[in-house]
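>>> generate a structure from the sequence data that follows.
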Amino acid sequence: MRAVFGFTPWESKRLIGKAVAALPEVAYALEHAQIVISHGSTNVYVAEEIMGEMDTRDRYVSGQVINGTLCQTQPEEKPAMLRLVEGRPVPPVPTMEETLAGWDDKSLFIKGANAVDAEFNAGVFNAHHAAGTIGWAYGAICGTGIPLIVPVGLEKLVPSVRAASQELGHAKADYFYGTKIGMLPIMNGKVITEIQAFDILFGLHAVHVGGGGVSGSEGTIVLSVTGEEADVRKAIELVESIKGEPPLKLQKRRCADCFAPPPAFTSGTDAANAVGTVTADEARKIKQCIFSGTAEEDLPDWFRKREPA
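Okay, the predicted model is just below:
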């Protein structure tokens, strides 16, 4: 039997979240080991499917593309990264080195992505010059052999993650629409898109056949799914249950006080090259984003303003 589905990005995130939660290695780590679920909109759905609920769902992101602009979230509003030890949330520790101390190949690190290609390589945007969360963790992930799961929707499909990562970097581009970014390519993660989700959940073969949309369906992807009729019927039932998945209620960072914090975003600048770091006053002179320092009322008319706290 064949069924054809369309998924908005939010419906895809729910489907992918269910698939990640259904992985045998996730079930094992929940009982016997540790799991880190890093910030990200898709990981909100992963966390909800694993934990049952998430009261910080509308704030559990870090970087984001919003208003068609490369942006971030307000630092003091971002919750701590989720770490589960034998299924129980535990308080964060100061460094990633301490977080991953003693981990082996039975623990799991879950990190979303900003790009995926046809070979299921993934790429992560880096507003931090040292690649932030994944940059701090990736050495231990590769060196120790910690499994890395990468949930990412096909709305983020690119021709080549390798080529994309070679294009980006804080010091490479002369102009960024929004915040400066680089990209860390991930070639050794277990990438879970909608295609893998149908296989994990139902044993079905899915083919990406199209995408796009209007009037709230922008970013929609279309899949053709085939398999035994009973399995396809189960898939239809699940898909019908997630149709209309509402978007997260995310807010951008306040542009007026969004400046490069020392020393994270100052690599390649004259100030950083001179002294290795910069003061807070010097950081305010370094524009990490073209909208840094702009009052909400002075943003372009098309730019969705930040709602008052």
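
>>> please make it C-alpha for all contacts and neighbour counts, starting now.
Will do.

>>> pretty sure residue 250 sits in a helix.
No. Per DSSP: H, G, I helix; E, B strand; the rest coil, residue 250 lies outside any helix segment and is coil.

>>> quick thing: my sequence starts at 133, can you match it?
Okay, residue one is now 133; in that scheme the one you just asked about reads as residue 382.

>>> which of the three states applies to the residue lying closest to it once chain neighbours are set aside?
Leaving out its chain neighbours, the residue that sits closest to residue 382 by CA to CA, 6 or more residues apart in numbering is residue 190, at 5.5 Å. Following three-state DSSP, residue 190 is assigned to coil.

>>> tell me the spacing between residue 190 and residue 178.
14 Å (CA to CA, to the nearest Å).

>>> about what we covered before: mind checking the backbone torsions on the residue nearest to residue 382?
For residue 190, the backbone dihedrals are phi -90, psi 10 (criterion: degrees, to the nearest 10).

>>> returning to that earlier point: more neighbours: residue 190 and residue 178, which one.
Applying other CA atoms under 10 Å to residue 190 and residue 178 shows that residue 178 carries more neighbours, namely 25 against 15.

>>> surely that one touches residue 152?
Yes. Using CA atoms under 8 Å, residue 178 is in contact with residue 152, at 6.5 Å.

>>> quick one: low-confidence ranges for the stretch 283-432 of the chain?
Low-confidence segments of the stretch 283-432 of the chain, defined by pLDDT under 70, are located at 392-418.

>>> all strands of it, in order?
For the stretch 283-432 of the chain, the strands defined by DSSP state E, counting those that start in this stretch cover 314-318, 322-324, 337-343, 353-358.

>>> Provide a list of residues in contact with the residue nearest to residue 185 when sequence neighbours are not counted.
Closest residue to residue 185 apart from its sequence neighbours, by CA to CA, 6+ apart: residue 179 at 7.5 Å. Counting by CA atoms under 8 Å, 6 or more residues apart in numbering, residue 179 makes contact with 149, 169, 185-186.

>>> just name the closest of those residues to residue 251, please.
Within those, the smallest distance to residue 251 is 20.8 Å, found for residue 149 (CA to CA).

>>> for the closest one, helix, strand, or coil?
Applying three-state DSSP: residue 149 is helix.

>>> identify the residues contacting the closest residue to it other than its chain neighbours.
What sits nearest to residue 149 in space, not counting adjacent residues and going by CA to CA, 6+ apart, is residue 178, at 3.9 Å. Residue 178 is in contact with 146, 148-150, 152-153, counting by CA under 8 Å, 6+ apart.

>>> the helices in the chain, which residues?
Using DSSP state H, the helices of the chain run over 141-153, 156-164, 173-183, 228-231, 264-276, 293-299, 326-334, 361-374, 402-407, 412-415.

>>> point out the most buried one among those helices.
Highest mean neighbour count of the helices of the chain: helix 141-153, a mean of 24 (counted as mean count of other CA atoms under 10 Å).
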